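Q: the sequence isn't on hand, but the structure is:
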């Protein structure tokens, strides 16, 4: 079975990039020339202000160029239970479908999120994102776990520790933002920008550079922290799946004349089909509860039918969006 991703870039992206490249270039040149004139006139504060906007203009231009090159030459192919992709800024993906723990369409259906044990891949601008998700799910029941409960517990603990470290680092750099303000005020004696001496102007430039670097690192760590939190949530689901699989066929004795069982969501939900009386058929939906390590009914009473064919028709209609496994 083979499927290809359909990538499309709207004309709005190119118009957006072109506008910001031109606007950024004009801002950088104009404020750069004003900054040079300010230095010649000995107006250090005005020069700092002008060069700051020069940098902003250059950032606009660089951002537009990066955005223009995003997904250039992108492709996605699923063949022989393997996914091969090239996307983003040169990111490559060559993995077996079985290594994908979870796949879901991104908000708006413009891309897909692929969850692996140690990372998350976002592939955007996919026109057939929903079809890709359904295809991968049909090949591999999403986040199927091959771990034992002990392995899944250890895996969750590892990712939780990594999340805590990233969270602490993020808070440290947030605090550094205020520390930079404190030492700048201390070294400049709380003066206004226009009253700075040459030494204090140098201190202020050092402060501005330090603050920009710290802001950049803070956003980077916050992004990593958010992604790691998602991996922790996925690890919790992996642990739930491992425990549910271990107790897969327990607590069936409460149902008389069990006809069959169907599982979905990586064995964490099951449908038990049984015959409570002669010529009467019913099914009950259950979910596995991790704290109690037991199966809990999702309905107050089982759904009852006179014919087995009616029962299966109701299951097909009620659970058409999931893949049921025996």
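A: That came in fine, so what should we check first? Not measured: the values here are computed from a predicted model.

Q: correct me, but residue 287 touches residue 267?
A: No: the criterion here is CB atoms under 8 Å, and residue 287 misses it with residue 267 at 10.7 Å. C-beta coordinates here come from the backbone N, C-alpha and C atoms, glycine included.

Q: all helices of the stretch 51-200 of the chain, in order?
A: Secondary structure of the stretch 51-200 of the chain (DSSP state H, counting those that start in this stretch): helices located at 129-139, 149-187, 198-246.

Q: would you reformat those helices as JSON lines and include mean pLDDT?
A: What follows is these, written out as JSON lines (pLDDT from 0 to 100):
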{"stretch": "helix 129-139", "mean pLDDT": "83"}
{"stretch": "helix 149-187", "mean pLDDT": "91"}
{"stretch": "helix 198-246", "mean pLDDT": "87"}
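
Q: turn the ones you listed into JSON lines, columns for distance to residue 257 and mean neighbour count.
A: Output for the helices of the stretch 51-200 of the chain, formatted as JSON lines (distance: least, CB to CB, whole Å; neighbours: other CB atoms under 10 Å):
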{"stretch": "helix 129-139", "distance to residue 257": "32", "mean neighbour count": "18"}
{"stretch": "helix 149-187", "distance to residue 257": "31", "mean neighbour count": "15"}
{"stretch": "helix 198-246", "distance to residue 257": "24", "mean neighbour count": "17"}
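
Q: okay, those in JSON lines with distance to residue 79 next?
A: Formatted as JSON lines, those follow (distance: least, CB to CB, whole Å):
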{"stretch": "helix 129-139", "distance to residue 79": "11"}
{"stretch": "helix 149-187", "distance to residue 79": "29"}
{"stretch": "helix 198-246", "distance to residue 79": "25"}
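
Q: contacting residues around stretch 229-246?
A: Here stretch 229-246 makes contact (CB atoms under 8 Å, 6 or more residues apart in numbering) with 101-102, 115, 117-120, 143-145, 147-149, 151-153, 155-156, 159-160, 163, 266-268, 288, 290, 293.

Q: so what's residue 97 up against?
A: Applying CB under 8 Å, 6+ apart, the residues near residue 97 are 78, 81, 82, 83, 136, 139, 140.

Q: which of those residues scores worst on pLDDT?
A: Taking those together, the minimum pLDDT is found at residue 140 (69).

Q: how far away is residue 284 from residue 200?
A: 75 Å (CB to CB, to the nearest Å).
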